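Chemist: 3D, please:
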Amino acid sequence: MKQIGMMVMALLLTVTFTYAQDNKQSPKATVDGKVIDVTYNQPSLRGRAFGKELAPYGKVWRTGADAATTVVFAKDVKFGGKDVKAGTYTLYTIPTEKEWTVILNKQNGQWGTVYDEKQDLLRVTAPVKKASSPTEKFTIKVDDKANASDLVMMWADATVSVPVTY
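Modeler: The predicted structure follows:
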């Protein structure tokens with residue numbers, strides 16, 4: 001009888017774990033560009049206010065959910081006009097209503113908002129453009145062009161773009 005109880009408990013734990021993995025509120029997303037790859041988790045607004053409850057204005061934000069967002073450059077680039085060597089970086093932002101400070105940080109593998117400003121490689125400022133329609137899930141995309149790309153971040157009614165040339 002004890003073995004049956006333990007088997008039922010193991011089955012319940014397995015089902016619960018599987019359900020939790022398949023129904024994350026902030027699913028992982030990957031963006032693959034010609035030169036830029038981004039891995040991040042997509043938080044949703046779900047009735048909450050961007051800039052207040054989510055990614056508060058004026059504070060460092062991990063630019064996604066859960067693990068910190070990573071950006072991989074396959075070759076040397078100019079990110080917002082500043083030189084960046086090929087490699088893996090963590091993306092942070094400081095959003096405000098009018099502009100975002102976009103940060104590439106040298107530290108990798110952080111969870112959440114474990115942020116060390118001393119590890120910043122660079123900061124660039126990008127203006128906020130009002131989106132034509134609101135975005136429920138935070139979304140990052142890479143718009144590839146001939147010898148350049150735009151790293152675009154969209155959430156709520158905000159769209160922010162950083163030019164990347166190579």
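Chemist: How about residue 54, nearest residue that isn't a chain neighbour?
Modeler: Closest residue to residue 54 apart from its sequence neighbours, by Cβ to Cβ, 6 or more residues apart in numbering: residue 48 at 5.2 Å. C-beta coordinates here come from the backbone N, C-alpha and C atoms, glycine included.
Chemist: My read is that that neighbour contacts residue 55, right?
Modeler: No: applying Cβ atoms under 8 Å, one finds residue 48 not in contact with residue 55, separated by 10.0 Å.
Chemist: Give me the more crowded residue out of these two.
Modeler: With other Cβ atoms under 10 Å as the criterion, residue 48 and residue 55 differ in neighbour count, and residue 55 comes out ahead with 25 against 12.
Chemist: Show me the strands in the protein, by range?
Modeler: Listed from the start of the chain, the chain has strands (DSSP state E) covering 28-32, 36-41, 69-73, 77-79, 82-84, 87-95, 99-105, 120-144, 148-165.
Chemist: In the last one, which residues are buried?
Modeler: What it means is strand 148-165. Of the residues in strand 148-165, those with enough neighbours to count as buried (16 or more other Cβ atoms under 10 Å) are 149-156, 158-164.
Chemist: Show me what that strand is packed up against.
Modeler: When contacts are defined as 3 or more Cβ pairs under 8 Å, 6 or more residues apart in numbering; DSSP states H and E, strand 148-165 sits against strand 36-41, strand 77-79, strand 87-95, strand 99-105, strand 120-144.
Chemist: Any idea which of those strands gets closest to residue 64?
Modeler: Among these, strand 36-41 comes nearest to residue 64, with 3.7 Å by Cβ to Cβ.
Chemist: re earlier: nearest to residue 66, of the buried residues of strand 148-165?
Modeler: Distance ranking of the buried residues of strand 148-165 against residue 66, using Cβ to Cβ, places residue 155 first at 15.6 Å.
Chemist: per-residue confidence for that closest one?
Modeler: Among the per-residue scores, residue 155 holds a pLDDT of 97.
Chemist: which residue packs closest to it, ignoring adjacent ones?
Modeler: Using Cβ to Cβ, 6+ apart and skipping residues adjacent in sequence, the residue nearest residue 155 is residue 138, 4.4 Å away.
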